[in-house]
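1. no sequence for this one, just the structure:
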């Protein structure tokens, strides 16, 4: 009897949950150079990814630059629940994001304008339904999530004097979200949406030994609209329904400092803070079909109860020559999701991350950058609970993520 109750509780969880997010949603380090330095880049911000990290940093670019980079994110998750004999491992899918940027210095470089198009958030997971059949009446269903947010960001920055630069960017967000799960039978949804936000940055260089920066991003809401399908609702002649769902990315701010103790050595340290608690209390899915509203209720609420999180980042770069540089870094990334809302479709772990990178100047015009990071998740054990406010998935959860980034930059006189 206890075994059946446990299976039923897990099945009902997926029957009522629309989606949940974890810190694995965000691409933690935008750009191969920043990635190789552990994302400690706010106080440095000296390449084409400054539009994301600190818009004031584009004043470091004194020539026309056109750049492109691609990042491949490969998550690997495990889920074990001995009480019902589940030992599952996610598929090792590749989630590839392309990014471009271009800048034009004006007024002898004191005023710089540019445009960045990049993927600040995007991840997913896919499970073998055969590993989870015990929860779904011995029928194998598809369990899959895939989400991406693509930003287009016009940016402008002004060097006030030799020490101080200010910058600002408009962030135009386009989101895509696909989800497949048991709910009951095969639930399948796909949606897209748009939203707007902004970011500002400050970069100060008091001397040759160090620089520091501040960066701030407003919260931004993406209103997703799409279609959901579930053959279980055919009983009310409505196997499909359109829906809307608002998802808000939080206010984000950070500060960083870069040291230059030697001519060929750079050390960087960042603190970055995401205010999840203000935006991710719950998510509401509004199904438009009257039959779906009658069967599921007017709104389907996903409880998140996220907490604010602070990342600590360190990075270093050593120039072996004028053409070749190597990098390394580390960052600590705590999970925002509490135990009572954790599930396998969007894993949320606390990560300790190590990074490596390098760059090589091919010619006076072309420069190539490479970075790799490995996020080592801390296993979380979620105990079953009879608390009515428990929405989590009991068992042992863990996720590790490998991310590889490669970029090419062209500099023009």
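-> Cool, the structure landed. Remember, it's a predicted structure, so these values are computed and weren't measured experimentally.
2. which stretches of the stretch 1-150 of the chain have low pLDDT?
-> For the stretch 1-150 of the chain, applying pLDDT under 70 flags the ranges 1-28, 122-123.
3. could you show me where the helices are in it, in order?
-> Along the stretch 1-150 of the chain, the segments classed as helices by DSSP state H, counting those that start in this stretch run 2-16, 32-36, 50-53.
4. what's residue 331 in contact with, if anything?
-> 28, 38-40, 311-314, 351, 353, 355 (Cβ atoms under 8 Å, 6 or more residues apart in numbering). C-beta coordinates here come from the backbone N, C-alpha and C atoms, glycine included.
5. Show me which pair in the residues you listed is furthest apart.
-> By the measure Cβ to Cβ, 40 and 351 form the most distant pair in those, at 15.2 Å.
6. So for the two, which sits in the more crowded spot?
-> Taking neighbours as other Cβ atoms under 10 Å, residue 40 and residue 351 compare with residue 40 leading, 31 against 23.
7. Could you measure from that one over to residue 125?
-> 28 Å (Cβ to Cβ, to the nearest Å).
8. Equivalent analysis for residue 164, please.
-> Distance of residue 164 to residue 125, given as Cβ to Cβ: 44 Å.
9. Also residue 239?
-> 26 Å.
10. Which of the two has more residues huddled nearby?
-> Under the neighbour definition other Cβ under 10 Å, residue 239 and residue 125 were set side by side, and residue 125 has more, 22 against 17.
11. Give the bridge partners for that one, please.
-> Beta-bridge pairing for residue 125 (DSSP bridges): residue 145.
12. Looks like it contacts residue 144 (just checking).
-> Yes: if you go by Cβ atoms under 8 Å, residue 125 and residue 144 touch, sitting 7.3 Å apart.
13. who's residue 104 bridged to?
-> Residue 104 has these beta-bridge partners by DSSP bridges: residue 113.
14. My error: substitute residue 240 in the last question.
-> Beta-bridge pairing for residue 240 (DSSP bridges): residue 229.
15. How many residues are close by it?
-> Using other Cβ under 10 Å as the criterion, residue 240 is surrounded by 15 other residues.
16. Equivalent analysis for residue 361, please.
-> 16.
17. List the residues that contact it.
-> Applying Cβ under 8 Å, 6+ apart, we find residue 361 in contact with 322-324, 367.
18. what are the ranges of the strands in the stretch 301-413 of the chain?
-> Ranges of strands in the stretch 301-413 of the chain, per DSSP state E, counting those that start in this stretch, are 309-319, 324-333, 351-361, 366-377, 380-382, 395-412.
19. correct me, but residue 307 touches residue 338?
-> Yes: applying Cβ under 8 Å as the test, residue 307 and residue 338 come out as touching, 6.8 Å apart.
20. what separates stretch 64-84 from the chain centre, distance-wise?
-> The chain centre lies 9 Å from the centre of stretch 64-84; the measure is Cα atoms, centre = their mean, to the nearest Å.
21. The nearest residue to residue 406 once chain neighbours are set aside - how many residues pack around it?
-> Of all residues not flanking residue 406 in the chain, residue 370 sits nearest, at 5.5 Å (Cβ to Cβ, 6 or more residues apart in numbering). Residues near residue 370, counting by other Cβ under 10 Å, number 19.
22. can you pull the contacts of residue 370?
-> Taking Cβ under 8 Å, 6+ apart, one finds 32, 36, 357-359, 405-407 in contact with residue 370.
23. and which of those residues is nearest residue 150?
-> Using Cβ to Cβ, residue 405 comes nearest to residue 150 of these, at 16.3 Å.
24. what pairs with that closest one across the strands?
-> Bridge pairing for residue 405 - DSSP bridges - gives residue 71, residue 371.
25. pretty sure it contacts residue 372?
-> Yes: judged on Cβ under 8 Å, residue 405 makes contact with residue 372 at a distance of 7.4 Å.
26. And the two? Which one has more around it.
-> Taking other Cβ under 10 Å, residue 405 and residue 372 do not tie; residue 405 has more neighbours (28 against 18).
27. Check the gap between that one and residue 269 for me.
-> Counting by Cβ to Cβ - residue 405 and residue 269 are separated by 21 Å.
28. and what of residue 131?
-> For residue 131, the distance to residue 269 (Cβ to Cβ) stands at 42 Å.
29. same question, residue 382
-> From residue 382 across to residue 269, the span is 34 Å (Cβ to Cβ).
30. One more: residue 249?
-> Per Cβ to Cβ, residue 249 is found 25 Å from residue 269.
31. now do residue 295
-> Note on residue 295: its distance to residue 269, by Cβ to Cβ, is 53 Å.
32. Name the nearest residue to residue 344, sequence neighbours excluded.
-> Setting aside the residues directly before and after it, residue 344 is nearest to residue 79 in space (Cβ to Cβ, 6+ apart), at 4.9 Å.
33. tell me the contacts of the one you found?
-> Here residue 79 is in contact with 86, 88-89, 127, 344, 393, 395-397 (Cβ under 8 Å, 6+ apart).
34. Just the buried ones from the residues you listed?
-> Restricting those to buried positions leaves 86, 88, 127, 344, 393, 395, 397, with burial counted as 16 or more other Cβ atoms under 10 Å.
35. so the fourth one sits right up against residue 135, yeah?
-> No: the pair residue 344 and residue 135 fails to qualify as a contact (Cβ under 8 Å) at a distance of 10.3 Å.
36. circling back to that earlier point, for the residue nearest to residue 406, give its distance to residue 224.
-> The value you get for residue 370 to residue 224, if Cβ to Cβ is used, is 34 Å.
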